[in-house]
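1. Test case, fold it:
(one chain, ligands or ions: 1)
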Amino acid sequence: MKQLSELRSRRWFDDVGMRGFAHRQRMQQYGARREDVMERPMVAIINTWSDLSPCHAHLRERAESVKRGILMAGGFPVELPAMSLGEVLVKPTTMLYRNFLAMEVEELLRSLPCDAVVLLAGCDKTTPGTLMGAISMDIPTLFCPAGPMLNDRHVQNGVTRCIGAGTHTRMFWDDHQAGTLSAAALIELEARMTRSPGTCNTMGTASTLTSMVDALGLCLPGASSIPAMDSAHTRMATSCGKRIVQMIWEDLKPSRILTRGSFQNAVAVQMALGGSTNAAIHVIALARRAGIALTLADLDAIGRDMAVLVNVFPTGERLMEDFYYAGGLLGLMKTIESRLSLDELSVTGTTLRANLALAQVQDAEVIRPLHNPASAKGALAVLYGNLAPDGAVLKPSAATDRLMTHTGRALVFDSQADMLKAMADETLDCDENTVLVLRNAGPVGAPGMPEWGNLPIPAKLLKLGVRDMLRLSDARMSGTHYGTCVLHIAPEAAVGGPLALVQTGDLIELDVAKRLLQVHVSDDELERRRALWRAPAQSVQRGFTRLYQDHVTQANEGCDFDFLEGTAATPEPDIF
Ligand code: FES
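-> From the prediction side, this is the model:
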């Protein structure tokens, strides 16, 4: 058992010199009693709430619940705001700022007298961002997920459909572009599709990642599935507060919980969920922060062996609320128990085996048994070839069967602006077999690797009823979206990856079964083109964006900063 005198915060408050006098004085200025800071461990609550992060609109209230739990358990809570990163409103993309948030969390915890931390987050980048920082600090850490928003229903042509955020945004927009959904209906949907605070209720990046963090052992078991507006969510937040104080005395830190086995469990969950392709980047970044070598090849190997069992959009037909009622993450993990490493430790101080002892599936239509998957095609395929020497990803369960083996003529765009303009052009030279290619949209090129990889279907083809085409890019795609989209091509075009050398008219071949992505151009011709290639000029010369472009790693490496990976500790601050 750890003793109070051994905690970090003691270096601030037990100091016998003038600094200690000043530290205690300032806490009393805040309203804390002397005994609060002298006799209790200090627990940070890092809160990613803001008015421009609607998915986290309830996290201010949840912070109060966490505080209540901390006080009940004998700790002293302090709430620290961090960059909120509301996914849809942040421009150019939250991915540009994931590492910013990770640095902010790490440095908040390092520079302040924190003995442990509860992370309040859930919208896409806030989960990996907060955790990357906490893993690097390696103090007791508990992740309190924001939880998914409520479901909604929509009646179209007399048929009632279950609708949620993300997946249906693209569907309804395509219907509107094709002239089958009126402007009035679109305005009505605008007000109804995101019904409550909470994260997207499809199996997008948010729900995929919070579930994976739960599977890693960093949440109270099953917490990730609780809807944001359920009273169980408030109780869970209070329990987080109580448990984190116990974790301090047990010295239960991320380095004791995170192992190769726990990361393999998280990846198995990603596959069984039919999770977002974005998770491939974030889970590698998290593992590298923990000093664990997890690669795209590892993800592909686990993915080949795991069908999608969860019948939730975009692979299936239901939403996260239904997943919770069906047994949630624990029900799913019970179903795939034979594929998991059950001796891994969690924040409970017990093993996954113990945490799953009472888990069960309540609705086998939503959480399918192994013999009746929601999709046998798998959630992730990692592709290699002369177009992607370091890998690219595709989500088979969200793709079209006829395009899984496909060769077509490339139509190449150097920028998103050019691409969007062309898509509206009724005379665009393309058909349903054309391969749409967008480049300079990767980590360095965009910069920040935005979710542009779900390239829109050209307007003239939408009107002909085409809803999917083979699309390639070095960008990412929203986890709520669907389509035959090859993403994260590495190395990206902006750093000279082969994608930079493709020309309109080249033949591109995709063969998912063979994990192959190649352009039918000879090596000699590619070398000739390479000699003529010039890197795009960096448009930003200062600030965080410049730092990002200079230090971000490629998608197959997790897009972290090269100077933040690994487990080498940054020295604690000299407090005198
Ligand atoms: Fe916040 Fe989807 S926009 S989780």
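2. Quick check: the residue of the stretch 351-500 of the chain nearest the ligand.
-> residue 480 (6.9 Å; Cβ to the nearest ligand atom). Every residue, glycine included, has its C-beta placed from N, CA and C.
3. How about stretch 263-283 and the ligand, touching?
-> No: judged by Cβ under 6 Å from any ligand atom, stretch 263-283 and the ligand are separated, with a smallest distance of 10.2 Å.
4. what number of residues lie near residue 471?
-> Using other Cβ atoms under 10 Å, residue 471 is surrounded by 25 other residues.
5. picking that back up, the residue of the stretch 351-500 of the chain closest to the ligand and residue 201 touch, don't they?
-> No: with contact defined as Cβ atoms under 8 Å, residue 480 does not reach residue 201; the gap is 9.3 Å.
6. quick one: common contacting residues for these two?
-> residue 165 (Cβ atoms under 8 Å, 6 or more residues apart in numbering).
7. These two - which one has more neighbours?
-> Regarding residue 480 and residue 201, a neighbour count based on other Cβ under 10 Å identifies residue 201 as having more, with 35 against 28.
8. Specify the local secondary structure of the more buried one.
-> Secondary structure, DSSP: H, G, I helix; E, B strand; the rest coil: residue 201 is coil.
9. List the contacts of it.
-> 148-151, 164-165, 207, 319-321 are the contacts of residue 201 under Cβ under 8 Å, 6+ apart.
10. Then residue 351?
-> Residue 351 neighbours (Cβ under 8 Å, 6+ apart): 342-345.
11. Go through these and say which is closest to the ligand.
-> residue 344 (26.6 Å).
12. Pretty sure residue 233 is one of the things residue 196 touches, is it not?
-> No: taking contacts as Cβ under 8 Å, residue 196 lies outside contact range of residue 233: 11.2 Å.
13. who's more crowded, these two?
-> residue 233 (22 against 18).
14. what kind of secondary structure is the more buried one in?
-> Applying three-state DSSP: residue 233 is helix.
15. in the stretch 351-500 of the chain, which spans are strands?
-> Ranges of strands in the stretch 351-500 of the chain, per DSSP state E, counting those that start in this stretch, are 381-385, 388-394, 405-413, 435-438, 471-473, 485-490.
16. wait, the stretch 101-250 of the chain
-> 116-121, 141-145, 152-156, 159-163.
17. With distance to the ligand as extra columns, can I get those in TSV?
-> Formatted as TSV, these follow (distance: least, Cβ to the nearest ligand atom, whole Å):
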stretch	distance to the ligand
strand 116-121	10
strand 141-145	11
strand 152-156	15
strand 159-163	14
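18. Can you add mean pLDDT and give these back as JSON lines?
-> Output for the strands of the stretch 101-250 of the chain, formatted as JSON lines (pLDDT from 0 to 100):
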{"stretch": "strand 116-121", "mean pLDDT": "98"}
{"stretch": "strand 141-145", "mean pLDDT": "98"}
{"stretch": "strand 152-156", "mean pLDDT": "83"}
{"stretch": "strand 159-163", "mean pLDDT": "84"}
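19. Contacts only, for residue 177.
-> So residue 177 contacts 459, 462 (Cβ under 8 Å, 6+ apart).
20. Which pLDDT value goes with it?
-> On pLDDT, residue 177 comes in at 82.
21. Most proximal residue of the stretch 201-350 of the chain with respect to the ligand?
-> Across the stretch 201-350 of the chain, no residue is closer to the ligand than residue 206, which sits at 3.4 Å (Cβ to the nearest ligand atom).
22. What confidence value was assigned to that residue?
-> 97.
23. and the spatially closest residue to it that is not a sequence neighbour, what does it touch?
-> Sequence neighbours aside, residue 199 is the residue nearest to residue 206 in space, at 3.7 Å (criterion: Cβ to Cβ, 6 or more residues apart in numbering). Applying Cβ under 8 Å, 6+ apart to residue 199 gives the contacts 55, 122-123, 145-149, 206-207, 210, 228.
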